[in-house]
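In: predicted model and sequence below, questions to follow.
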Amino acid sequence: MELNDANLQTLTEFLRKTLDPDPSVRRPAEKFLESVEGNQNYPLLLLTLLEKSQDNVIRVCAAVTFKNYIKRNWRIVEDEPNKISDPDRTAIKANIVNLMLSSPEQIQKQLSDAISIIGREDFPQKWPDLLTEMVTRFRSGDFHIINGVLRTAHSLFKRYRHEFKSNELWSEIKLVLDTFALPLTELFKATIELCQTHATDVNALKVLFSSLTLIAKLFYSLNFQDLPEFFEDHMETWMTNFHGLLTLDNKLLQTDLVSNAIQFLASVCERPHYKHLFEDQNTLTSICEKVIVPNMEFRSADEEAFEDNSEEYIRRDLEGSDIDTRRRAACDLVRGLCKFFEGPVTAIFSGYVNSMLAEYAKTPRENWKHKDAAIYLVTSLASKAQTQKHGITQANELVNLTEFFVNHILPDLKSPNVNEFPVLKADAIKYVMIFRSQLPKEQLLQAVPLLITHLQAESTVEHTYASHALERLFTMRGPNNTTLITAAEMAPFTEQLLNNLFKALAFPGSAENEYIMKAIMRSFSLLQESIVPYIPTLIGQLTHKLLQVSKNPSKPHFNHYLFESLCLSVRITCKANPATVSSFEEALFPVFTEILQNDVQEFLPYVFQVMSLLLEIHSNSIPASYMALFPHLLQPVLWERTGNIPPLVRLLQAYLEKGGETIARSAADKIPGLLGVFQKLIASKANDHQGFYLLNSIIEHMPPESLIQYRKQIFILLFQRLQSSKTTKFIKSFLVFVNLYCVKYGAIALQEIFDSIQPKMFGMVLEKIVIPEVQKVSGPVEKKICAVGITKILTECPAMMDTEYTKLWTPLLQALIGFFELPEDDSIPDDEHFIDIEDTPGYQTAFSQLAFAGKKEHDPIGDAVGNPKILLAQSLHKLSTACPGRVPSMLSTSLNAEALQFLQGYLQAATVQLV
């Protein structure tokens, strides 16, 4: 694509169409952009548009498109083509910082994100001058530019807070400090001075304090792994000014900087060597009174968010992204202080909690915020350790959680009007949710019907919290690995629970509420067959919802739980009555067809998984509706997207299992296409195991005569890959395949096909791959296949007894006994340590495994062989009767004593002898 006006004009038109609400206009435009993004100069055209277009909407759209393009394509993935040409990469890095700093804020944020994505891959090795280029801009004096630099630096450095220690990380941080620490410190001092100069100018202060917030975040990131020498030497500058910010009381500013300062105090008070700073009772009282209590209050901004921006409120409050809020910081400070001063701090706050609750009791309507603060304070005080899975796992023993629940939480939950005091109701629900592991079961059971009632609350936060609390309670473990709350205990409330959950999806703002959908999924999972009577009604509602969201998928978690709920409906109903599978197909196929026709990329991996689940339920036949779709599943475009590969392979495996004969009979012309998919997968280190899954199903389920003409080519492809890049994962999969082939077609067929490719090839494979590598095979089914296959080679292949291959007979038997008795060899060569990790670059539709579409492990040998050791003994006995004397003499001359002893044990267990 040339960098010219005509292409800029074309790109502008297509970008405009991607904003069209009508899918029939928007989708073709998105497809067009997807088809041209591999062309050289495409990213440079986008950058030109976002810099020079006269239309602001197009500039922003170009910026977002560019960022997503970088997210999808910048990372270079092994075995895959480089999706951005080297000249484009160089040009992007040469221009992007300048462009970002000279763009308006909306565009600046997108480009800043793009720089972070590029930086994660290329900084510092492939982009050594990035920091120098950014640091020189500190001198510009323009805070729009300075904040752009700080924002970008923050997104680059914040990973230092959670990276594992390594020499590579240390040297990167050292390089950053050498370039960045001094200019950052100078900027910090200069910004503090400017705050004093402009103390009465609210607009200037807002900009300056947004810079100070970013500077504080950078300070935190750069000091997280260890305290660098530079900051140790300049500690006075930083601490004096931080202290000034902590005590600053400028009425013009209601800023988040306070939270950063409190957060800093919280991290200091947890460290043993600063303990002495907080030991004085007056200091503790003063911190509790002047810093913590005022910042625990529910502010007007919180109230606005609760009512008008509930999604953001929930994200901050439930998901812990409230890291920058004063409440969260004050809560962390309470926890930090409790580490060394639990007794005195609890005593100080108990007084505050009691007086706040007393104020509320006098005039609830005016003073409800006092009770809110009291609940928040109790929660902060009581929480010592918390996990997402279990809520609070360790509590402050000085706080009586059960008593507080009965006296102050339960009354709010029991209040007949669910829409009165919604903030307090949400607090009460959250209390049950986070202290679920600390409260006795009878109180949780008391709370369940009350929570179900709160699903009807109009407040989005309230009915979302009720959904989330129920979902968390339903996952709690009871004795014997069962759920704490059983389906029987839920029986009286089942109908109301399902009704209220589905009704809650109809509230404005909750049509795609992921917490409600997750609660629906979890309810189905807990209630199991109790939901069967309701499924005919519910499946209609779920498919209708699926049709709606497929028009414009925007909530990935909601969509995931929706598909999980569909899988559960299918599983639970068909378990009770497999014949009902056809009614699910009638309900789902029209929607699935629409999703496939419109190529809704986000949903395809899910659709393939649900279709696999449905097809696997069928008895051994394949309905015509599936066969009609079969040719479409082999289209190369579907296999280009990494997220489609695992579910598509599984779906093809289901086709082969249920209809291998049908495919051979009525779709034989599609066999080359099927093998083409195998060939593509086998060439990739990331997906070769998927290629083997497919190949194994082809060998197991296709009639042998339908594959005769292709067999040799299959083996040749595998040998070519072995020569070009032999990895542990590939060898393990190769061994399983070779042995499955032997089990299916016999040892003679295996030896003949190897030797037809190249004379003596069979011996080379045994000597160089099977004998030395079989110990690496893992997994019970895989090990069984290999054991039975090797047994057949040892005992059913005449060439092993009377040709040059005979010298390999004992080493192969030795390897098989070792395979039975020695621990698995799980060592991986250093150079391929990370090869198996499927790391999907950026924004491509990743594969999301549906837990409730899980596939039962398939054993191709099944009950035909119970214990492979007994099979070996019986097979050796049979061989020895066919050629008396040969087997004992081969064993006595070259099998080691320990292996011989194990073999005697197998023969005794099988009650046979060698002759």
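Out: Arrived safely. Residues are numbered from 1 along each chain as shown.
In: buried residues in stretch 365-385, which are they?
Out: 367-383 (16 or more other Cβ atoms under 10 Å). Backbone N, C-alpha and C define where each C-beta goes, glycine included.
In: same question for stretch 621-641.
Out: For stretch 621-641, by 16+ other Cβ under 10 Å, it's 622, 626, 630, 633-634, 638-639, 641.
In: host element of the residue nearest to His701 when sequence neighbours are not counted?
Out: Of all residues not flanking His701 in the chain, Gly660 sits nearest, at 3.4 Å (Cβ to Cβ, 6 or more residues apart in numbering). Assessed by DSSP states H and E, Gly660 sits inside helix 645-666.
In: tell me how far the residue nearest to His701 lies from Met702.
Out: Using Cβ to Cβ, to the nearest Å, one gets 5 Å for the distance from Gly660 to Met702.
In: check which residues of the top helix by length along the chain are buried.
Out: Of all the elements of type helix in the chain, the one with the most residues (DSSP state H) is helix 326-362. Neighbour-count burial for helix 326-362, with 16+ other Cβ under 10 Å as criterion, is recorded at 326-338, 340-342, 344-346, 348-349, 352-353, 356-357, 359-360.
In: show residues contacting stretch 771-778.
Out: When contacts are defined by Cβ atoms under 8 Å, 6 or more residues apart in numbering, stretch 771-778 is touched by residues 728, 731-732, 735-736, 783, 786, 790, 808, 811-812, 815-816, 818-819, 822, 824-826.
In: before we move on, back to that, elements contacting the helix holding Gly660?
Out: With contacts taken as 3 or more Cβ pairs under 8 Å, 6 or more residues apart in numbering; DSSP states H and E, helix 645-666 sits against helix 604-617, helix 624-633, helix 636-639, helix 671-682, helix 688-701.
In: just the C-alphas of the second one, formatted as CSV.
Out: Presented in CSV, the C-alpha positions along helix 624-633 are these (Å, rounded to 0.1, in the frame of the first residue of the first chain):
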residue,chain,number,x,y,z
ALA,A,624,-27.1,-34.9,8.1
SER,A,625,-27.2,-31.3,9.6
TYR,A,626,-23.6,-31.9,10.8
MET,A,627,-22.4,-33.4,7.6
ALA,A,628,-23.6,-30.4,5.6
LEU,A,629,-21.3,-28.2,7.7
PHE,A,630,-18.3,-30.6,7.5
PRO,A,631,-16.7,-29.0,4.3
HIS,A,632,-16.8,-25.5,5.9
LEU,A,633,-14.8,-26.6,8.9
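In: what angle sits between that helix and helix 671-682?
Out: Helix 624-633 and helix 671-682 are oriented at 50 degrees to each other (axes from the mean of the first three to the mean of the last three Cα atoms, to 10 degrees).
In: mind listing residues that contact helix 624-633?
Out: Residues outside helix 624-633 that contact it (Cβ under 8 Å, 6+ apart): 585, 589, 596, 611, 615, 638, 648, 651-652, 655, 659, 662-663, 666-667, 670, 673.
In: can you do 6 Å?
Out: Residues from elsewhere that reach helix 624-633, judged by Cβ atoms under 6 Å, 6 or more residues apart in numbering: Lys670.
In: so how far is that helix off the chain centroid?
Out: Chain-centre distance of helix 624-633: 31 Å, with Cα atoms, centre = their mean, to the nearest Å.
In: care to break the chain down by domain?
Out: For the chain, the TED database gives the domain ranges 400-485, 490-518+527-619.
In: would you turn these into JSON lines with mean neighbour count and mean pLDDT?
Out: Formatted as JSON lines, the domains of the chain follow (neighbours: other Cβ atoms under 10 Å; pLDDT from 0 to 100):
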{"stretch": "domain 400-485", "mean neighbour count": "19", "mean pLDDT": "94"}
{"stretch": "domain 490-518+527-619", "mean neighbour count": "18", "mean pLDDT": "95"}
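In: quick one: which of these is nearest Leu46?
Out: domain 490-518+527-619 (20.5 Å; Cβ to Cβ).
In: could you tell me the end-to-end distance of the closest one?
Out: End-to-end distance for domain 490-518+527-619, by Cα to Cα, to the nearest Å: 34 Å.
In: and if you look at stretch 682-694?
Out: Note: stretch 682-694 ends 10 Å apart using Cα to Cα.
In: and the contacts of that stretch?
Out: 79, 645, 649, 652, 678, 681, 721, 730, 733, 737, 835, 838.
In: poorly predicted segments of this protein, please.
Out: 251-257, 320-324, 384-397, 830-846 (pLDDT under 70).
In: just want to check the distance between the closest residue in space to Lys165 that isn't next to it in sequence and Trp238.
Out: Closest residue to Lys165 apart from its sequence neighbours, by Cβ to Cβ, 6+ apart: Gln225 at 6.7 Å. From Gln225 across to Trp238, the span is 17 Å (Cβ to Cβ).
In: looking at those two, which is more packed in?
Out: Trp238 (19 against 15; other Cβ atoms under 10 Å).
In: secondary structure class of the more buried one, three-state.
Out: Under DSSP: H, G, I helix; E, B strand; the rest coil, the three-state class of Trp238 is helix.
In: just Ile753 next, same as before
Out: Here Ile753 is helix, with the state taken from three-state DSSP.
In: if I look at it, how far off is Cys195?
Out: When Ile753 is compared with Cys195 (using Cβ to Cβ), they lie 80 Å apart.
In: who are the packing partners of the helix or strand that the longest helix of the chain is followed by?
Out: Remark: after helix 326-362, the chain's next helix or strand is helix 364-382, criterion DSSP H and E. Here helix 364-382 touches helix 293-296, helix 326-362, helix 422-434, going by 3 or more Cβ pairs under 6 Å, 6 or more residues apart in numbering; DSSP states H and E.
In: kindly recompute the last result at 10 Å.
Out: helix 293-296, helix 300-308, helix 326-362, strand 391-395, helix 401-404, helix 422-434 (3 or more Cβ pairs under 10 Å, 6 or more residues apart in numbering; DSSP states H and E).
In: next structured bit after the helix or strand encompassing Pro536?
Out: Following DSSP H and E, one finds Pro536 within helix 535-550. Tracing the chain past helix 535-550, the next element assigned as helix or strand by DSSP H and E is helix 556-576.
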